[in-house]
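model this:
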Amino acid sequence: MNAPFSPLTDASAWQAELELRVEARAARSVLAHCRHAGPLRVQKALYPEGDGVCQILILHPPAGIAGGDHLHISLAVGAGAHAQTTTPGAGKWYRSKGPQAFQNIELQVAAGGMLEWLPQEAIVFNQAQADTTTIMTLEEGARMIGWDIVCLGRAASGERFEAGNYRQRLRLQRPDGTPLWQESMHLTGADAAMPSAAGLAGGTVFGTLWLAGIGPDAALLEALRGISIKDGICGVSALPHITLVRAVAHSAETLRQYLEAAWTLARPVVLQRAAVPPRIWRT
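Next comes the predicted model:
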């Protein structure tokens, strides 16, 4: 899980790493290993649902990723353990005068383990140079719910994403590297895909929720397809190893409400637990 960072030429850039492991000990999920370098921290490990679920708040003290920064987060969940991760607030990709910023996330879940990867939205500033990769490795019998929410520009400030780059890669795989699902995208400022009906249809916020480790569930799919989004577009896709819930909207709040509603329906089916929203989402 330890991937070396690329050498940095800008001495002012941050190079940060966070390495976590959650294990099952008796009936308790425990943050058994936590190592950090640079400005990445675990703000708190909480148990709002009792000992069975270890809720981890990941904190990036600089509050945003600037040009030249390299962030690397790795999280392993052991057999029988259940980890839920989120963040205290929205992430930010700051504008850059040229250097690329990178975020690499590696998530591993052992057989019988469960992971919820639920960071709050990422805001991509105009002129940002952002490159993010998330690789999820699930053993047979592992289960995962995760999401990724991206805001292009700062709509509240009237800023649009008119220049810069945003690259994103998502990959779900087996331990031997066999891919179960993967996709990538590359948007440039004022990209033709943003207003296109075949792209973002003019939306400035988009998100994907994935349910991995179980085959399509007919009742759940029907329930998910029954959720509507206000002032946006949404859809549900069922693949052999993963179910995808997608949405495009004009507001982060609208899109979050939609994905939270989907998570609320999916959690009891995928993880056999009623949905208990983290308190940090409302603070």
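
Now stretch 123-139: average pLDDT?
The pLDDT scores in stretch 123-139 average 97.

Show me which parts of that stretch are buried, residue by residue.
Buried residues in stretch 123-139, counted by 16 or more other C-beta atoms under 10 Å: 123-138. All C-beta atoms are positioned from the backbone trio N, CA, C, and that covers glycine.

what do you get for stretch 25-42?
For stretch 25-42, by 16+ other C-beta under 10 Å, it's 29-31, 38-40.

got a markdown table for these, with secondary structure and distance to Ile280 too?
Converted to a markdown table, the buried residues of stretch 25-42 look like this (DSSP: H, G, I helix; E, B strand; the rest coil; distance: C-beta to C-beta, whole Å):
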| residue | secondary structure | distance to Ile280 |
| --- | --- | --- |
| Ser29 | strand | 18 |
| Val30 | strand | 20 |
| Leu31 | strand | 17 |
| Gly38 | coil | 23 |
| Pro39 | coil | 19 |
| Leu40 | coil | 17 |
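
Tell me the one of the residues you listed nearest Arg267?
Closest approach to Arg267 among those (C-beta to C-beta): Ser29, at 15.7 Å.

Hmm, the closest one is touching Asp51, no?
Yes: assessed by C-beta atoms under 8 Å, Ser29 is found in contact with Asp51 at 7.0 Å.

got the residue ranges for the helices in the protein?
Secondary structure of the chain by DSSP state H: the helices cover 218-225, 252-270.

of these, which approaches Ser196 most closely?
helix 252-270 (18.8 Å).

what helices or strands is the closest one leaning on?
In this structure, helix 252-270 packs against strand 143-152, strand 205-212, helix 218-225, strand 232-238, strand 242-249, with contacts taken as 3 or more C-beta pairs under 8 Å, 6 or more residues apart in numbering; DSSP states H and E.

Try it again at 10 Å.
Packing partners of helix 252-270 (3 or more C-beta pairs under 10 Å, 6 or more residues apart in numbering; DSSP states H and E): strand 114-117, strand 143-152, strand 205-212, helix 218-225, strand 232-238, strand 242-249.

could you dump these to JSON lines with distance to Glu17 and mean pLDDT?
Formatted as JSON lines, the helices and strands packed on helix 252-270 follow (distance: least, C-beta to C-beta, whole Å; pLDDT from 0 to 100):
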{"stretch": "strand 114-117", "distance to Glu17": "17", "mean pLDDT": "98"}
{"stretch": "strand 143-152", "distance to Glu17": "20", "mean pLDDT": "97"}
{"stretch": "strand 205-212", "distance to Glu17": "25", "mean pLDDT": "97"}
{"stretch": "helix 218-225", "distance to Glu17": "36", "mean pLDDT": "97"}
{"stretch": "strand 232-238", "distance to Glu17": "33", "mean pLDDT": "96"}
{"stretch": "strand 242-249", "distance to Glu17": "28", "mean pLDDT": "97"}
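
Out of the ones you listed, flag the one nearest Asp176.
strand 205-212 (16.5 Å).

That closest one pairs with which strands, parallel or anti?
Note on strand 205-212: by DSSP bridges, its sheet partners are strand 143-152 (antiparallel), strand 242-249 (antiparallel).

Fine, thanks again, bye for now.
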